[in-house]
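> with the sequence up front, the predicted model follows.
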Amino acid sequence: MRKQLYFAFLVSLSAFGLSTASSEVRAQKIGFIDSQAILDQLPEAKDAKRRLEVLTVEWQNEIKKKRDALDKMVREFQAKEVLYTDEIKQQKRKEMMDADKAIFEYQNQKFGVDGEYFRKQSELMRPIQDKLYSAMRSVAIDNDYEFVFDRASDTLLLYANETHNLTQKVLDRLLASLPERDRTGGQTSAPNLEGGGK
């Protein structure tokens, strides 16, 4: 009998603990932002994007020049191949292979996994992302949010009530820290990115 009472007591205690824990979970505020929408409005991020585009075009033009030079070598080789000795043919083929390899290496150096593009992107965007995180953290603390998700990231967000969208608040916090001339970015007012948030 004592064992049964003890067991009933444990069950009721754990049920009380679960109901208390679930009410605490319900009390937690969860919000989200769209970091891409914020970055699209920040003058610093727009400038970083333009600088990356300039570099990309420059590197792509260089790759095109190298490919055009290789194509010219191939056409000349094909046109004169019958006139070449075996030794010259071998030398020309090696030159074409070296040129092709140089193009691949240049492309990899600029756009590869550890390439200059990604290093430059990180260098330009890291300070901006740090500011975004700091503004988001301030908004979350000021408004008592326990968790904030970024719907522009790989985090799976199946549903989001727009009343918890903190995107506009974070953008406003970031824009408020800019000098007056940079706040509008050529616009009369920042577009409302919030879906009816508080």
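Done, it's in.
> OK, contacts around Phe147?
Applying CB atoms under 8 Å, 6 or more residues apart in numbering to Phe147 gives the contacts Gln28, Lys29, Ile30, Gly31. Where you see a C-beta, it was placed from the backbone N, CA and C, and this is true even at glycine.
> check the secondary structure at it for me.
strand (DSSP: H, G, I helix; E, B strand; the rest coil).
> so which elements touch the longest helix seen in the chain?
Identified as the longest helix of the chain according to DSSP state H is helix 43-80. Packing partners of helix 43-80 (3 or more CB pairs under 8 Å, 6 or more residues apart in numbering; DSSP states H and E): helix 86-111, helix 116-142.
> tell me if I am right that Gly31 is in a helix.
No - per three-state DSSP, Gly31 lies outside any helix segment and is strand.
> that one against Asp144, yeah?
No - using CB atoms under 8 Å as the test, Gly31 is too far from Asp144 to be in contact (9.9 Å).
> quick one: which of these two has more around it?
Gly31 (24 against 10; other CB atoms under 10 Å).
> quickly note the distance from that one to Lys89.
68 Å (CB to CB, to the nearest Å).
> how close does the closest residue to Ile63 other than its chain neighbours sit to Asp100?
Of all residues not flanking Ile63 in the chain, Gln107 sits nearest, at 5.8 Å (CB to CB, 6 or more residues apart in numbering). In this view, Gln107 and Asp100 are 11 Å apart by CB to CB.
> do the same with Lys110
Taking CB to CB, one finds Lys110 at 16 Å from Asp100.
> are any of the contacts of Phe147 buried, and which?
Buried subset of the contacts of Phe147 (neighbour count, 16 or more other CB atoms under 10 Å): Gly31.
> now for the contacts of Phe147: which two are most distant?
Distance extremes for those: the farthest pair is Gln28 and Gly31 at 10.6 Å, using CB to CB.
> next, the buried residues of stretch 62-80.
Judged by neighbour count (16+ other CB under 10 Å), stretch 62-80 contains these buried residues: Ile63, Lys66, Leu70, Phe77.
> got the CA positions of that stretch in CSV?
Output in CSV follows, covering the C-alpha atoms of stretch 62-80 (Å, rounded to 0.1, in the frame of the first residue of the first chain):
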residue,chain,number,x,y,z
GLU,A,62,40.4,38.3,-66.9
ILE,A,63,39.1,34.7,-67.2
LYS,A,64,37.5,35.5,-70.6
LYS,A,65,40.7,37.1,-71.9
LYS,A,66,42.6,33.9,-70.9
ARG,A,67,40.0,31.7,-72.5
ASP,A,68,40.0,33.8,-75.7
ALA,A,69,43.8,33.5,-75.9
LEU,A,70,43.5,29.7,-75.4
ASP,A,71,40.8,29.4,-78.1
LYS,A,72,43.1,31.4,-80.5
MET,A,73,46.0,29.0,-79.7
VAL,A,74,43.7,26.0,-80.4
ARG,A,75,42.5,27.4,-83.7
GLU,A,76,46.1,28.3,-84.9
PHE,A,77,47.2,24.8,-83.9
GLN,A,78,44.3,23.1,-85.8
ALA,A,79,45.0,25.3,-88.9
LYS,A,80,48.7,24.6,-89.0
